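>>> what follows is a predicted protein model with its sequence.
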Amino acid sequence: MYFAGPNYLDFRDLYVTCLQLATTVGVAISVVISVDRLVHVLKYFQIKISSRIRGSSPAEKFRFKSLPEPVNFSHMYPRVAVQLPMFNERYVCQDIINAACSLSWPRNRLMVQVLDDSTDKETRQLVDEKVMEWRDRGVNCVCIRRTNRQGYKAGALREGFELLISYEYIAIFDADFKPKSDFLHRTIPYLQCNDELGYVQTRWEFENPDESYLTKAQEMSLNFHMKCEQFVHSTYGSFFNFNGTAGVWRRSCIESAGGWNGRTTVEDMDLSLRAYLGGWRALFLDDTTCMNQLPSSFSAYRKQQHRWTCGPIQLWSRASAAIWASKISLLSKVELNIMYFFMRKSVMHFASFGFFCFLVPLSVFTPEVSIPMWALVQLPVTVTLTTALFTPNGWAYAIPYVLFENAMGIVRVTAAVTGIFDLGRAHEWIVTQKAGRKEHCRPCARTWIRLYVAETLMSIFMLACASHAAFAIHRWMFSVFIFLQGITFLAFGVNAVDCGGLLGRRVYSVERALRGIENVIATPRALRQSKAPDTHEQWTPLISKRCNSLSTTCKRIPCITISA
């Protein structure tokens, strides 16, 4: 029975008023976020055009003097330590030790410090074997293990730092990174020639962006962060944080800033901020890159995003007073507190998720609430296309990108609330597991369905709203967007976005797999044209090899399984 008494009408009026107010605030914040992104992009092109006219890169405002060949001038090389923090990184631990020990630098001026907090026996054994191998080859490579993980990565770096008394510069790499051999030659001279520089950060590149739509969305987001945000902030002299890896610190800068601190889960941003407030400058090298892996598992990506969202809010709550009390300019204080931490690191998560995933769907039940079409179309298009500019063919993934980013809103909002109220999970530091080399894993193996309740409930809510918009009030534009977003939430809810999931099979297409089968089937033809093996012993390995090839190929086809 429909009841429309005075109390109901009063409640509905209040509800509509609150919903309209929240929508207006959401639109306003979305405008600020879009303008902020657009300003970053305009600054980027202004820098690039100015550099083209001058014929020099922004980094050239800093002095750079190449080091001589080390054969006769090794004494001119500064002492450099390379720290490799890791925890149960079984599949990548040996790769990063190899890369660090292969850096082009005089061996009597280089030390590789493996900070292994692993609890897995096999990982420890792999690390020990590789450390001993390089020590036998004359590299000063040591492994340091702690009895507890106090402070997590920050604690490991701090304890390792205390042992590096005679080293001037410290390079840091996470276990899944692969620096090129000339990495130190491209970074250390900037620190040597510019005493005001506290650290140098290089740009990340990714070796697995095409594994799935999930990794492609990550690549687009991180490319914008690296190629645009970090580059622009560095060029304009604004604060930009050390990204935790693929960079080099000046030892005296770390000491003067108070050293590594485990008070938050973003120890890299914490130290960077204290160094910035202390008057140190930093340099982002856009033309020097370091390869690494993106998490292809949705579970690992959730944990990473929780830490990356919660940590800055934790830091802001602890450092806000220090920012206002520092000697930097008033404009820099406002930019740091209001734009950097308040808008980009906290409010943005609530606004994007709340507006597009709650207010827009709810508005289909309240025609009185007015949402301008430009807020539903132009704003997301602006944010998405400015992000896609920095990824080759990024425009082709614009729709999946914005849908995936909205679907991650649950994780980020939860993390933001955890950071604001400093709840129990705020201090969790879970390592983002990476798969390592391709031979360590099956790229598109099937993943078990794992139900994420919050995302699944959001999908039900949004699909219900989409149905109402389409069939009850015939608002087709709203219904299409809400329906697509609901389907995306459902994919996240049932874990269908991993590399092996429904939306994850991109690298090994059916077409490529069929080409592999064609090659296997063509084998008898090739054998007929050549001399066939004479004995059973000669036939056996050939047949085994072809069967393994066929099995591997068919495992990459979603609908084919091979059983013994």
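Arrived safely, thanks for sending. Here the structure is a predicted model, which means the values were calculated and not measured. Numbers count the residues shown, from 1 in each chain.
>>> tell me which other helices or strands the single longest strand found in the chain touches.
Across the chain, the longest stretch assigned as strand under DSSP state E is strand 281-292. Applying 3 or more Cβ pairs under 8 Å, 6 or more residues apart in numbering; DSSP states H and E, one finds that strand 281-292 makes contact with helix 183-193, strand 197-206, helix 231-236, helix 267-277. (C-beta placed from N, C-alpha, C; glycine too.)
>>> figure out how far that strand is from the centre of its chain.
With Cα atoms, centre = their mean, to the nearest Å as the basis, strand 281-292 stands 15 Å off its chain's centre.
>>> how distant is the helix or strand that that strand is followed by from the center of its chain?
Going down the chain from strand 281-292, the next helix or strand is helix 298-325, by DSSP states H and E. How far helix 298-325 lies from its chain's middle: 14 Å, per Cα atoms, centre = their mean.
>>> just the buried positions in stretch 367-382, please.
369, 371, 375-376, 379-380, 382 (16 or more other Cβ atoms under 10 Å).
>>> dump these to TSV, plus secondary structure.
Listed next are those as TSV, based on DSSP: H, G, I helix; E, B strand; the rest coil:
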residue	secondary structure
Val369	coil
Ile371	coil
Ala375	helix
Leu376	helix
Leu379	helix
Pro380	helix
Thr382	helix
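>>> all strands for the protein, in order.
According to DSSP E, the chain carries its strands in the segments 80-86, 110-116, 141-144, 169-172, 197-206, 247-250, 281-292.
>>> gap between Glu60 and Thr382?
Distance, Glu60 to Thr382, by Cβ to Cβ, to the nearest Å: 32 Å.
>>> do the same with Leu115
42 Å.
>>> could you do Leu457 as well?
Remark: distance between Leu457 and Thr382 (Cβ to Cβ) = 30 Å.
>>> can you check Leu184 too?
Leu184 sits 40 Å away from Thr382, going by Cβ to Cβ.
>>> equivalent analysis for Pro209, please.
Distance from Pro209 to Thr382, by Cβ to Cβ: 23 Å.
>>> still on that earlier bit, closest to Arg250 among the buried residues of stretch 367-382?
Using Cβ to Cβ, Thr382 is the member of these that lies nearest Arg250, at 38.9 Å.
>>> hang on, that closest one packs against Ser34?
Yes - between Thr382 and Ser34 there is a contact at 4.7 Å, judged by Cβ atoms under 8 Å.
>>> contacting residues around Glu159?
Counting by Cβ atoms under 8 Å, 6 or more residues apart in numbering, Glu159 makes contact with 115, 144, 146.
>>> what about the residues you listed, which one has the most neighbours?
Leu115 (23 neighbours; other Cβ atoms under 10 Å).
>>> what pairs with it across the strands?
Beta-bridge pairing for Leu115 (DSSP bridges): Pro85, Ile144.
>>> redo the helices and strands packed on strand 281-292 as CSV? Include mean neighbour count.
CSV is the format used below for the helices and strands packed on strand 281-292 (neighbours: other Cβ atoms under 10 Å):
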stretch, mean neighbour count
helix 183-193, 20
strand 197-206, 23
helix 231-236, 20
helix 267-277, 24
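>>> redo those as CSV? Include distance to Asp422 and mean pLDDT.
Shown next, in CSV, are the helices and strands packed on strand 281-292 (distance: least, Cβ to Cβ, whole Å; pLDDT from 0 to 100):
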stretch, distance to Asp422, mean pLDDT
helix 183-193, 36, 95
strand 197-206, 28, 98
helix 231-236, 28, 97
helix 267-277, 15, 98
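>>> stretch 276-285 spans what distance, first to last residue?
Stretch 276-285 has an end-to-end distance of 18 Å (criterion: Cα to Cα, to the nearest Å).
>>> in that stretch, which residues are buried?
With burial defined by 16+ other Cβ under 10 Å, the residues of stretch 276-285 counted as buried are 276-277, 280-285.
>>> try stretch 328-344
Residues 328, 332-333, 335-337, 340-341, 343-344 are the ones in stretch 328-344 that count as buried (16+ other Cβ under 10 Å).
>>> how distant is it from the center of its chain?
Offset of stretch 328-344 from its chain centre (Cα atoms, centre = their mean): 23 Å.
>>> for the stretch 401-550 of the chain, give me the ranges with low pLDDT.
Within the stretch 401-550 of the chain, the stretches with pLDDT under 70 are 426, 429, 434-449, 499-550.
>>> so which elements touch the longest helix anywhere in the chain?
Taking DSSP state H as the criterion, the chain has its longest helix at helix 6-54. When contacts are defined as 3+ Cβ pairs under 8 Å, 6+ apart, helix 6-54 packs onto helix 231-236, helix 348-354, helix 360-363, helix 373-376, helix 378-388.
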